[in-house]
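[1] model this:
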Amino acid sequence: MVTHEQNFEEAQSDYERVGGGASIRIVVDRFYELVLADPRLAAYFTDTDLPRLKRHQVLLISQVLGGPAEYDGRDLRHAHAGLDVSREDFRLVVAYLAQALSEAGVDQEIIARVGSTLAATEDDVVAAAAG
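    Residues are numbered from 1 along each chain as shown. This is a model prediction of the structure:
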């Protein structure tokens, strides 16, 4: 027998289940704390407009989670062109996002869906020469 609570949870998007935009902004702030503290990754963000980047990241994650926000930045291939992002670094960034989501109390099933969606973008982010 399916309960009313189960129907409600199934009807909610992942975006709603994680707490919406406010929660995603907290996750993005933590994500960038982790990424920028890692010397392997920090150099990618030299001379970056971090507030603008965070805004784009919130919109992108919101979209991935089924929220109303639509990512309005450049496509991932163009946004990362010339950065020579390695596969190892890409996967490390995804791991930091998973860590930030986990620390925020997001269900593992949602984190797995986000990870799968991001894995599908790996070839767009990773430079061919670096991969």
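
[2] where does the residue positioned nearest the centre of the chain land in three-state SS?
    The residue lying closest to the centre of the chain (C-alpha atoms, centre = their mean) is residue 61, at 4.9 Å. With DSSP: H, G, I helix; E, B strand; the rest coil as the basis, residue 61 sits in helix.

[3] how close does residue 80 get to residue 90?
    9 Å (C-beta to C-beta, to the nearest Å). Heads up, the C-betas are built off the backbone N, CA and C, glycines and all.

[4] neighbour-wise, which of the two wins?
    Higher neighbour count among residue 80 and residue 90: residue 90, with 22 against 18, using other C-beta atoms under 10 Å.

[5] which stretches of the chain have low pLDDT?
    1-10, 69, 71-79, 81-82, 127-131 (pLDDT under 70).

[6] show me where the chain has helices.
    Assigned by DSSP state H, the helices in the chain fall at 4-11, 14-18, 20-37, 39-42, 50-64, 76-79, 87-103, 108-119, 122-125.
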